[in-house]
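Q: Quick one, fold the following:
(chains A, B, C and D)
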Number of protein chains: 2
Amino acid sequence: MAGNNKLTEEKIFEAATEEFVDKGMDGARMQDIATRAGINKALLHYYFRTKDHLFDAVFEMIARKIMKRFSPVFDENFSFEDKIRFFFREHISFLQENPKLPGFILNEINRNPARIKKLLSSVDFENIWNTFYKQHKEDLLKYNISKETMPQLMISIAAMSVFPFAARGIIEGALMKSGIEFNDFMEERKKFAAEFVISAISK
Amino acid sequence: MAGNNKLTEEKIFEAATEEFVDKGMDGARMQDIATRAGINKALLHYYFRTKDHLFDAVFEMIARKIMKRFSPVFDENFSFEDKIRFFFREHISFLQENPKLPGFILNEINRNPARIKKLLSSVDFENIWNTFYKQHKEDLLKYNISKETMPQLMISIAAMSVFPFAARGIIEGALMKSGIEFNDFMEERKKFAAEFVISAISK
DNA sequence: GTCTATAGAAGGATAGAC
DNA sequence: GTCTATCCTTCTATAGAC
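A: Residues are numbered from 1 along each chain as shown, chains lettered A, B, ... in the order given. Below is the predicted model of the structure:
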């Protein structure tokens, strides 16, 4: 059947995505992917040849998905401050939908830098920063932010939203003792982080 | 020989620490640990019975080492602002000496929350925050920081120093395109992060 | 395209000599 | 305490029937 083909491949792909994100490349098992997909091991190899191929396909899809979702940040016609608010709202919302992604991505990059490097080489960070810098030159001047401190600022912003998810295992335990739910904490964080950063750069 | 005993066990332990931090629990190989230690596989099991035992011993040692190093932050007689400066200087220096620790710890906690939970249960975060809060009540009042926003603030501080190491694989690539070395970036960050946070809370 | 069966390699763990 | 040899399980990957 023509449609069936596509269906099976997709089922495998989705099952593999779950398994890899859950257990990482090293911990993932082909048998478990097959079980999740409701098929047998041999079919995995029929469609994707090796575990490595399957992993690469999954990782590339995830990377593309993230890029696509956040490209709007760089062409929205917001003020600098509103862009910061927009970013934290959107980014934390995205991570609330995909809470395991940070841990997965950070770990796989550390485990196998070579594999990831070719995926990342297509992303021109220098250009992103430059574009961003040019878009908000007046604002940044007002805030005393030089081109040299842009990396420090951008990485601080990323850290504020990504880190709680990456360190969720510790943070959830720490919050619990104060009677705070992780989800409530992250909901509150959308605003806290934005105002924190804006306040930090407003000398 | 009496002293030889201790020596071998230590060699194994150090080799295991390197291997686990490098490759994680799932990726680590008993054979590779034996090779690093310059002995054979059987001896690993003679001293530590199983891979799980060995991993637990290593992880516990690392956890203890970290706690020990940062307990001074909570009893030093600094002002709130100086404590922030002290923390970033000390914490980032520690991570410069142990750059792979963040990725390792975050990943293992995500992979196996149960295993880690008993180690963390001995750490009373609520108490740490309360102590910290009481120590600096006047400062915090001045800064309009309520007890409720303490978790947001503390986790932001941790994020600022830990995240760059956890995401080093991406950040190093991004910085390179701007001609910045990771080590220089982190050296600069000791001061940037401190002033960033202090500025953020000084409304 | 999908399945069962199995090859073949790798890895954790143990037995037993020294 | 330390080594060699080996067991046994797990896992990726393939062969071959349908």
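
Q: Next one: residue A:24 relative to residue B:164, how far apart?
A: Separation of residue A:24 from residue B:164 (CB to CB, to the nearest Å) stands at 21 Å. Quick note: C-beta positions are derived from backbone N, CA and C, even for glycine.

Q: These two: which is more packed in?
A: Ranked by neighbour count (other CB atoms under 10 Å in any protein chain shown), residue A:24 and residue B:164 place residue B:164 first, with 28 against 21.

Q: contacting residues for that one?
A: A:155, A:159, B:171, B:182, B:185, B:186, B:189 (CB atoms under 8 Å, 6 or more residues apart in numbering or on different chains).

Q: Show me the helices in chain A, by range?
A: Here chain A has its helices, by DSSP state H, at A:2-27, A:30-37, A:41-48, A:51-70, A:80-97, A:101-111, A:113-120, A:125-135, A:137-142, A:150-166, A:168-176, A:182-201.

Q: Pick out the shakiest of these, pLDDT-wise.
A: For these, mean pLDDT drops lowest on helix A:113-120, to a mean of 77.

Q: still on that earlier bit, closest to residue A:44 among the contacts of residue B:164?
A: residue B:171 (34.0 Å; CB to CB).

Q: give the contact list for that closest one.
A: So residue B:171 contacts A:155, B:164, B:182, B:185 (CB under 8 Å, 6+ apart).

Q: The nearest residue to residue A:11 once chain neighbours are set aside and residue A:54, how far apart?
A: Of all residues not flanking residue A:11 in the chain, residue A:37 sits nearest, at 4.6 Å (CB to CB, 6 or more residues apart in numbering or on different chains). The gap separating residue A:37 from residue A:54 is 11 Å, by CB to CB.

Q: Residue A:143 now?
A: Relative to residue A:54, and taking CB to CB, residue A:143 is found at 46 Å.

Q: Settle it for me: which of the two has more neighbours?
A: Taking other CB under 10 Å, residue A:143 and residue A:54 do not tie; residue A:54 has more neighbours (25 against 18).

Q: Near the closest residue to the more buried one other than its chain neighbours, how many other residues are there?
A: With CB to CB, 6+ apart as the criterion, residue A:54 has its nearest non-adjacent residue at 4.1 Å, and that residue is residue A:48. By other CB under 10 Å, the residues close to residue A:48 number 21.

Q: next one: the one 10 residues further on
A: A total of 23 residues lie near residue A:58 under the criterion other CB under 10 Å.

Q: one step back: for residue A:121, state which of the contacts of residue B:164 is nearest.
A: Nearest member of these to residue A:121, counting by CB to CB, is residue B:171, at 14.7 Å.

Q: how far away is that closest one from DNA strand C?
A: 30 Å (CB to the nearest atom of the strand, to the nearest Å).
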